[in-house]
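Trainee: Here you go, sequence then predicted model.
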Number of protein chains: 2
Amino acid sequence: MRLYGAIEAGGTKFVCAVGDEKGNVRKRIQIPTTVPEETIPEVIRFFSEYELVAIGIGSFGPVNIDPASPAYGNITTTPKPGWKDFPFLQTIKKECKVPVGFHTDVNAAALGEARFGAAAGMDSCLYITVGTGIGAGAVVGGRLLEGLSHPEMGHIMVRKHPEDSYKGKCPFHGDCLEGLASGPAIEERWGKPAGQLADRHEVWELEAYYLAQAIAQYILILSPKKIILGGGVGKQESIFQMIRNQVKEVLKGYVSLPELETEISDYIVKPGLGDDAGIIGSLLLADLAYQKEMKLGMT
Amino acid sequence: MRLYGAIEAGGTKFVCAVGDEKGNVRKRIQIPTTVPEETIPEVIRFFSEYELVAIGIGSFGPVNIDPASPAYGNITTTPKPGWKDFPFLQTIKKECKVPVGFHTDVNAAALGEARFGAAAGMDSCLYITVGTGIGAGAVVGGRLLEGLSHPEMGHIMVRKHPEDSYKGKCPFHGDCLEGLASGPAIEERWGKPAGQLADRHEVWELEAYYLAQAIAQYILILSPKKIILGGGVGKQESIFQMIRNQVKEVLKGYVSLPELETEISDYIVKPGLGDDAGIIGSLLLADLAYQKEMKLGMT
Ligand SMILES: Nc1ncnc2c1ncn2[C@@H]1O[C@H](COP(=O)(O)OP(=O)(O)O)[C@@H](O)[C@H]1O
Ligand SMILES: Nc1ncnc2c1ncn2[C@@H]1O[C@H](COP(=O)(O)OP(=O)(O)O)[C@@H](O)[C@H]1O
Ligand SMILES: [Zn+2]
Ligand SMILES: [Zn+2]
């Protein structure tokens, strides 16, 4: 059996795993995200105990995903100290000497969910994470969504709720989606960490109001076959039904499909892989990198 | 040389053409869109004079583009009398006895522009038409954007300009993008047809305000490699520079790429094929249908 390495690189922690292309994780560790000089050697040390044939990285962003660019595989403009312009892919490739697949954490998660999770067997899905930040990735026509670069769906504009006076927390846009609906925005608006507000109905009604607006825009623009909502805020189970109702409210029946009407409970769902979508997707990125290398070797 | 037929089916007129897979149009006619019993026989009569190997249809929508559905190739919920549930693809196929490709008019136009127009050689572009309605199609990873169905990008939500008291014209959403920024919305707001308002700077500033908001959302969600703006309202040349400036204003430097900054004049552009994007794209849909049939025949 081929053994792959996977890195789900987040702003607070790295999850590293060893597993196979079927999404089986054999071994995993967590490493706190400090600075590259500390975090990366620990990653390498973990992988060095295995005979890996490829590694996949699902990284926090923004990242450069253009294989034709000299900066391919770099983290780009992050405010996180030490990580700006860090050549992530190149560093791992040089140290581990195997093919390395590289994409955003959320695109990796979308890939994992499309292969083995809530969208298993579908060639299209959208994966949204609502946590410290808001981000989304997608599979379209069986492939990861990318173009000029990777999407930045967390920063779309939404309409402020008329009774919401909170100014928003995004350093770029103030009251974009992330600015109004991320975990830290909930905490700042209501004065308590999001995880401690479970009994405050109005908190989740407002949260659903913003997320539903965003999801309606994603539907109108991308038309995904399944929408998967994960991340810390997604742990708030009560929010799903509110979001589904509000999405219908926003779309007003314009897109007339059962998935958006009678079957919406099966359309906007929790991750099938739980918290493992990102790391399993990163194993799949490793597999893609391996398959690509094999093909190149044969031509 | 193989000869293809193409139909660009719009709400006011059908453009039918005969041409080749290189986008050369040999002959074309226009037919007013009345009811299917009148319009379709004229289409058939035109095509019957040629030995066609396939036909491509780029249709006004919404349409069913799911090959697995019994309603594949139908126009679905249009308010246009006579066209609701019209089996467009099946009717043409039965009469003309050739493979028929079928998609939305705007996805066809995006395909045309990606092959021979402003995005020639790119595997990704977004084509937006602003006319009687607002719609958009896209090529992503070299293929037409589709999922649950085709996108309905014209109906996304935008933030009202604080000084705009116009209530909007969309029968579903009121003040969605199409409701606020289509040609008829401009006419109703300012009291004159859009084509006669060229000298009214404030008209185009407001129009650019809404279109730029929408384009910024498309960029954040889809990340197209080129954005092409066509349709009647796109004839207003002065609007392009205003849109480019406002897109930068909305994104606030968050997506740090030259295409969105110093090179934006080359990123948001007019159609390279002028008014022919849709009909040339429909020739390409014919070619895709022909190639697919050939492949099937060989297996
Ligand atoms: N049960 C919960 N309900 C609502 N919000 C929660 C819950 N648990 C954690 N959160 C919030 O989720 C955010 C962390 O998101 P998470 O996805 O776990 O991490 P990260 O985005 O840093 O990877 C925090 O703002 C936290 O308040
Ligand atoms: N030069 C122009 N400047 C601005 N608007 C225009 C211009 N010419 C036509 N229009 C507007 O464009 C709309 C028609 O759009 P068009 O794309 O030509 O047709 P359709 O959307 O029906 O296919 C009308 O509302 C018209 O007022
Ligand atoms: Zn933002
Ligand atoms: Zn609308």
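Mentor: Perfect, I can see it now. Numbering: from 1, shown residues only, chains lettered A, B, ... in the order given. Ligands and ions are numbered 1, 2, ... in the order given.
Trainee: Is there contact, residue-wise, from stretch A:9-16 to ligand 1?
Mentor: Yes: when contact is scored as C-beta under 6 Å from any ligand atom, part of stretch A:9-16 falls within range of ligand 1: A:Gly10, A:Gly11, A:Thr12. Placement of C-beta: from N, CA and C, glycine included.
Trainee: Check what pLDDT the residue in chain A positioned nearest to ligand 2 gets.
Mentor: Going by C-beta to the nearest ligand atom, ligand 2 is nearest to A:Tyr254 of chain A, at 18.1 Å. Per-residue confidence for A:Tyr254 comes out at a pLDDT of 92.
Trainee: That one touches B:His173, doesn't it?
Mentor: Yes: proximity of A:Tyr254 to B:His173 meets the contact threshold set by C-beta atoms under 8 Å, at 6.9 Å.
Trainee: and the residue positioned nearest the centre of chain A, what does it touch?
Mentor: With distances taken as C-alpha atoms, centre = their mean, A:Val106 lies nearest the centre of chain A, 1.9 Å away. For A:Val106, the residues meeting the contact criterion (C-beta atoms under 8 Å, 6 or more residues apart in numbering or on different chains) are A:Gly58, A:Tyr127, A:Ile128, A:Thr129, A:Gly135, A:Ala136, A:Gly137, A:Gly278.
Trainee: Filter those residues down to the buried ones, PyMOL style.
Mentor: Of these, the buried ones go into a single PyMOL selection, burial set by 16 or more other C-beta atoms under 10 Å in any protein chain shown:
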select buried, chain A and resi 58+127+128+129+135+136+137+278
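Trainee: now, the most widely separated pair of the contacts of A:Val106?
Mentor: Using C-beta to C-beta, the pair of these lying farthest apart is A:Gly58 and A:Ile128, separated by 14.8 Å.
Trainee: Name the nearest residue to the residue of chain A closest to ligand 2, sequence neighbours excluded.
Mentor: Spatially, and ignoring its direct neighbours in sequence, A:Tyr254 is nearest to B:Phe172 (4.4 Å; C-beta to C-beta, 6 or more residues apart in numbering or on different chains).
Trainee: separation between that neighbour and B:Val63?
Mentor: Relative to B:Val63, B:Phe172 is positioned 17 Å away (criterion: C-beta to C-beta, to the nearest Å).
Trainee: Run through the residues that contact the residue nearest to A:Pro62 when sequence neighbours are not counted.
Mentor: By the measure of C-beta to C-beta, 6+ apart, the closest residue to A:Pro62 outside its immediate chain neighbours is A:Thr76, 4.8 Å from it. Applying C-beta under 8 Å, 6+ apart, one finds that A:Thr76 lies in contact with A:Gly61, A:Pro62, A:Val63, A:Asn64, A:Lys84, A:Asp85, B:Ser256.
Trainee: how many other residues sit next to the fourth one?
Mentor: Neighbourhood size, A:Asn64 [other C-beta atoms under 10 Å in any protein chain shown]: 22.
Trainee: cool, and the second one?
Mentor: For A:Pro62, the count of nearby residues is 19 (other C-beta under 10 Å).
Trainee: Test for you: state the pLDDT assigned to it.
Mentor: 94.
Trainee: Check the contact between it and A:Pro151; I expect there is one.
Mentor: No: the pair formed by A:Pro62 and A:Pro151 falls short of the contact definition of C-beta under 8 Å, at 10.4 Å.
Trainee: what's the helix or strand for A:Glu205?
Mentor: When elements are assigned from DSSP states H and E, A:Glu205 belongs to helix A:201-222.
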